[in-house]
Each structure stands twice: as structure tokens, then as C-alpha cells.
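Peer 1: below is the sequence, then the predicted model.
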Amino acid sequence: MTPDQIEQLFTRNDGSYAFARWGRPIVPVVFGVEDETLTVVKGAIEAVATLAGAEMDGMDPELGANLMFFFFRDWDELSAVPDLGRLIPDLEPLVARLKAADASQYRAFRFDDQAAIQAAFVFLRMSGEMADIPAETLALSQSVQVILMWGDGAFAEVSPLAVLPDSGTAILRPEIAGVIAAAYDRMMPVSADDKSHALRMFARLQGEAP
């Protein structure tokens, strides 16, 4: 990938650069699925975390779990989730906006005092086209999209996944895997708002380390 392509992956709609990675071990929990799908989702999270070199744990000292996946069929179901309003500010207006937009997914992040990811919440409305996506593909795609805070349009036109023509299996695109690994390099910052950060990641993809 070129430096400009990497930069675009972390550019917001207003043109600003915003990057963050997890600053603590990831502790996932999944709501609204059967045990078989639960295993698939947690397996995808572990696979992406291993690629990144991100730590995982069984308990977060503040939240218990800090990566929460919610699967449901209607946005109104979120209003009935106990204590969710404490984790997601202005939950009711948010649900109203998502319903009005006929949205199928939504992700929210919380950050620590270093602007690293502290917690992430993934909401997936399993109806229409979303319900037809294989569980393995959906789990891998969503895990990729919460391992870093990507730009608003990072995967709007091109999925982070590719499909193997022989088997139909979805895999992470090699260039995106490379960006994730570079982002978690121990010498890289946990957050950045300057576009020079993209140049540093590009250098790591080339085997250099300025």
C-alpha cells in the first residue's frame, strides 16, 4: 500500500487523521447468538488479535468485558438491554437515528487518557442481507473493524476481506493484515492525529523503522 492509501484508512469525513489501537488486553463477550456462533465470533477475535500482537484476557478490571458484540433483529431490542444506556451515551436518540437510517450495523468506541481504545461495542441487526452473510465472514470482518479505530470510509468501497475462489472461504486481505501488524508494532504510538503516522506505518511495511 502507498502512504496515501494508508492515510485514507484513518481519515475521517472531515479530513482529519485519527488512529487508535487497543491500550489494554481485549476481553470479548457476545450476546444474542447460539453457542456454535459464539465459538466462531470469539475465534475470529482471537485470530485478529494474534495477528496484531494484541493481548487478550478473561477479565477487564473496570468493565469486566471491554469488547461487546450484540446480535439482534430489531434496533428496539437494545432499549431492553440492562445498563446499556450507561455504556452508550444517549442510547435512545441513537437507536432512533439507526432505525431511521435502516442501519444494519454500528460500532462505538471508548478511549482512555492516552486516547487508546478502552472499550468497543458492536451492534449487528441480523435481518435482510446481513442475515445471509456466513457467520465466519461476518465475525472476521467485524473483528478487523474493531482491532483499530479506522477512518469513516475505510472499507466503504472495498471490504477488508477477500474470498478464495476455490473454496469460497473469506480471508483477511494481505495488505490490511500488514497495516494491522504495523499499527501494533511496539515502537508505534497507541494513538495518533498527525498524518505522519501513516508514513511511519508505511516504513514498517517496507521493513524500515524510522
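Peer 2: Cool, the structure landed.

Peer 1: dig out what the residue nearest to A103 when sequence neighbours are not counted forms beta bridges with.
Peer 2: Leaving aside its chain neighbours, A103 sits nearest to R125 (7.0 Å; criterion: CB to CB, 6 or more residues apart in numbering). For the C-beta atoms, the positions are set from N, CA and C on the backbone; glycine is no exception. On the basis of DSSP bridges, R125 is bridged to F72.

Peer 1: list the residues that contact R125.
Peer 2: If you count contacts by CB atoms under 8 Å, 6 or more residues apart in numbering, R125 has them with 72-75, 103-105.

Peer 1: what do you get for R73?
Peer 2: So, once contact is read as CB under 8 Å, 6+ apart, R73 ends up touching 125-127.

Peer 1: switch to 10 Å and redo it
Peer 2: By CB atoms under 10 Å, 6 or more residues apart in numbering, R73 lies in contact with 32, 125-127, 130-131.

Peer 1: looking at those, state which has the most neighbours.
Peer 2: Neighbour counts for those (other CB atoms under 10 Å) peak at R125, which has 22 neighbours.

Peer 1: quick check: it vs T11, distance?
Peer 2: The gap separating R125 from T11 is 27 Å, by CB to CB, to the nearest Å.

Peer 1: circling back to that earlier point, could you dump the contacts of R73 into a markdown table with distance to Q118 and pLDDT added?
Peer 2: Shown next, in a markdown table, are the contacts of R73 (distance: CB to CB, whole Å; pLDDT from 0 to 100):
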| residue | distance to Q118 | pLDDT |
| --- | --- | --- |
| G32 | 23 | 90 |
| R125 | 25 | 95 |
| M126 | 27 | 93 |
| S127 | 30 | 88 |
| M130 | 27 | 88 |
| A131 | 31 | 88 |
